[in-house]
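In: pasting the structure only:
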């Protein structure tokens, strides 16, 4: 089953509650919640207070994507604030600290995932993959919305799908960056089953139609 996770980075924050209602009624499966610290990526976005507020107004599955350094510092706090899934970057810290952060999220009873930047090979995830609920392939450089899809990441998606199936894992494969009804077809063919879309959903008047177009591409 293909799941659609609209990224609220592209939402209108002056009416965020209405935006969430809109995508929920439009058939979205997850809320993708991008956190940027201005250090791991060259931008600053939203954090724990916004997540707490969002959790109060919806019971939708919240997929928190931490684009921050040393995610171990905040892994538990984001779980406590209402995340259902916490995803952080394998490049963001040492092997041991990444491993410890996975343990922290699991200890809170939440799902956990690891993400890779475009230049990071899939194999970097392999030491962790059997402990993960999701792996995320970035198909743009993380940090800003509205970038163009990088088709050279499709082989990485295929490789990860093969590895997940080879090991018989119950692990979702998510793609984030430049996803729209055209690129969604490529991602699905490569093996992705969770598609993050920001401006491709929130930039359209009819969100339900756009979510359906991405899902059914």
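Out: Arrived safely. Everything numeric in this text was worked out from a predicted model, so none of it was measured.
In: So, low pLDDT: which residues of this structure?
Out: For the chain, the stretches with pLDDT under 70 are 145-146.
In: Identify the residues contacting the one residue sitting closest to the centre of it.
Out: For the chain, the residue nearest the mean C-alpha position is residue 65 (5.1 Å; Cα atoms, centre = their mean). With contacts defined as Cβ atoms under 8 Å, 6 or more residues apart in numbering, residue 65 is in contact with 32-35, 87-88, 115, 136, 176, 196. All C-beta atoms are positioned from the backbone trio N, CA, C, and that covers glycine.
In: Off-centre distance for the helix or strand hosting residue 22?
Out: For residue 22, the element it lies in under DSSP states H and E is helix 16-25. The chain centre lies 18 Å from the centre of helix 16-25; the measure is Cα atoms, centre = their mean, to the nearest Å.
In: re earlier: from the contacts of residue 65, which is closest to residue 212?
Out: residue 196 (16.2 Å; Cβ to Cβ).
In: Flag every buried residue along stretch 149-158.
Out: Within stretch 149-158, the residues scored as buried using 16 or more other Cβ atoms under 10 Å are 149-150, 153-154, 156-158.
In: if we can go back for a sec, give me the angle between the helix or strand containing the residue nearest to the centre of the chain and helix 16-25.
Out: Take DSSP H and E as the rule and residue 65 turns out to sit in strand 61-67. Put simply, strand 61-67 runs at 120 degrees to helix 16-25, going by axes from the mean of the first three to the mean of the last three Cα atoms, to 10 degrees.
In: Which strands and helices lie in contact with the helix or strand following strand 61-67?
Out: Next helix or strand after strand 61-67 toward the C-terminus (DSSP H and E): helix 75-81. Judged by 3 or more Cβ pairs under 8 Å, 6 or more residues apart in numbering; DSSP states H and E, helix 75-81 is in contact with helix 48-57, strand 61-67, strand 85-89, helix 95-107.
In: Which strands border the third one, and is each parallel or antiparallel?
Out: It stands for strand 85-89. Taking DSSP bridges as the criterion, strand 85-89 sits next to strand 61-67 (parallel), strand 111-116 (parallel) in its sheet.
In: Of those strands, which stretch is the most buried?
Out: strand 61-67 (a mean of 25; mean count of other Cβ atoms under 10 Å).
In: show me the contacts for residue 3.
Out: Counting by Cβ under 8 Å, 6+ apart, residue 3 has contacts 29-30, 172, 193-195.
In: Take the contacts of residue 65 and write them to CSV, including distance to residue 58.
Out: Listed next are those as CSV, based on distance: Cβ to Cβ, whole Å:
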residue, distance to residue 58
32, 13
33, 11
34, 17
35, 17
87, 19
88, 23
115, 23
136, 22
176, 20
196, 17
